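In: Quick one: sequence plus predicted model below, questions after.
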Amino acid sequence: VQLQASGGGLVQAGGSLRLSCAASGRTFSSYRMDWFRQAPGKEREFVAGISWSGGNPYYADSVKGRFTISRDNAANTVYLQMNSLNPEDTAVYYCAATRGRAPDYWGQGTQVTVSS
């Protein structure tokens, strides 16, 4: 599986962005899909995840109520809708495909910068 993340950019605080992660390969629908992020000088952290069927989305406390993860298995794409962004959300965002305990595949990352 190859993953290509896109949709990042510069946005003012309070604004919104929608990230996309397009996957190649016919087994996309068998993977749980997650979004992670890494801010400068910090470790990579989990943001949101969604099961292979699209049910049971789960979120880090820091983004709960503001971010929404979804997927379209027919389009081999997972999305992350990010609303009410604040400067603490500034990071490189990565998508990942997971079958076991840890991600099996990573996307290349897309930069999100939120200005105050």
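Out: Cool, got the structure. All figures in this text were calculated on a predicted structure; none of them were measured in a lab. Numbers count the residues shown, from 1 in each chain.

In: Please count neighbours and contacts with C-alpha atoms only from this point.
Out: Noted.

In: Give me the pLDDT for the spatially most central residue of the chain.
Out: Nearest to the mean C-alpha position of the chain, by CA atoms, centre = their mean, lies Trp35 at 3.0 Å. You'll see Trp35 listed with a pLDDT of 98.

In: Assumed Glu88 was part of a helix.
Out: Yes: judged by DSSP: H, G, I helix; E, B strand; the rest coil, Glu88 forms part of a helix.

In: Next up, the contacts around it.
Out: By CA atoms under 8 Å, 6 or more residues apart in numbering, Glu88 lies in contact with Val114.

In: Tell me the spacing between it and Tyr59.
Out: Separation of Glu88 from Tyr59 (CA to CA, to the nearest Å) stands at 16 Å.

In: same question, Thr27
Out: Noted for Thr27: a distance of 24 Å to Tyr59, by CA to CA.

In: Where in this structure is the helix or strand with the lowest mean pLDDT?
Out: The helix or strand of the chain with the poorest confidence is strand 103-106; it has a mean of 94 (mean pLDDT, DSSP states H and E).
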